[in-house]
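**Q** Requesting a structural model of the entry that follows:
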Amino acid sequence: MIYLHIFWAFFVANLLGYGGGPSTIPLIQNEVVQHYGWMTNKEFGDLLAMANVLPGPIATKMGGYIGYEVGGVFGSILALFATIGPSAIAVILLFAFQSRFKDALQIKWMTRSVQPVIAILLAVLAYQFLLSAFESMGWLHLILLAAGSYVAMEKIKIHPAVVIVASLFYGGIFLSHI
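**A** Numbers count the residues shown, from 1 in each chain. The predicted model follows:
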């Protein structure tokens, strides 16, 4: 039964996650943390941070890891298939209609109407991570990391990957006791 749950959790999240990684992350979080309870919100946040550091699509890295943790190698393979399956099926089935309907007003309106929903889901996820970060490390470290990241990326123009790695080192040095 666990394999069915693994498949269904990632298939549904990626089927409904229109727009790629950013829109599927809150859906995966809902399935993995709230619905099935396979990990805590903090563990999910840590996994998301690590998935952002590594190259490649975020959803597939998260699916592979969570699938492995919950169901071993077969669980990992199943989660990966469920993650890429909806997109692959949609591409194959809808390829013929792409050129015919790409400029249709209804398609443009559908795309625009989904964007605010994705923004709200990401805002809720960010708020949950903010609360989780505050609970685990306190305001001082949270403000230092947030302000330092903002200055590094927006003012000094350091690449986000470098800021993420630097934040990981900061956490390893100053927050490893938590």
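
**Q** tell me which element the residue sitting nearest the centre point of the chain falls in.
**A** The residue lying closest to the centre of the chain (C-alpha atoms, centre = their mean) is I25, at 3.0 Å. Element membership for I25, per DSSP states H and E: helix 21-29.

**Q** For the following helix or strand past that helix, name the packing helices and strands.
**A** Going down the chain from helix 21-29, the next helix or strand is helix 41-53, by DSSP H and E. With contacts taken as 3 or more C-beta pairs under 8 Å, 6 or more residues apart in numbering; DSSP states H and E, helix 41-53 sits against helix 21-29, helix 58-101, helix 105-150, helix 160-174. Yep, even glycine has a C-beta here, placed from its N, CA and C like the rest.

**Q** Output the ones you listed as CSV; include the columns mean pLDDT and distance to V12.
**A** Converted to CSV, the helices and strands packed on helix 41-53 look like this (pLDDT from 0 to 100; distance: least, C-beta to C-beta, whole Å):
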stretch, mean pLDDT, distance to V12
helix 21-29, 82, 7
helix 58-101, 86, 8
helix 105-150, 83, 14
helix 160-174, 88, 29
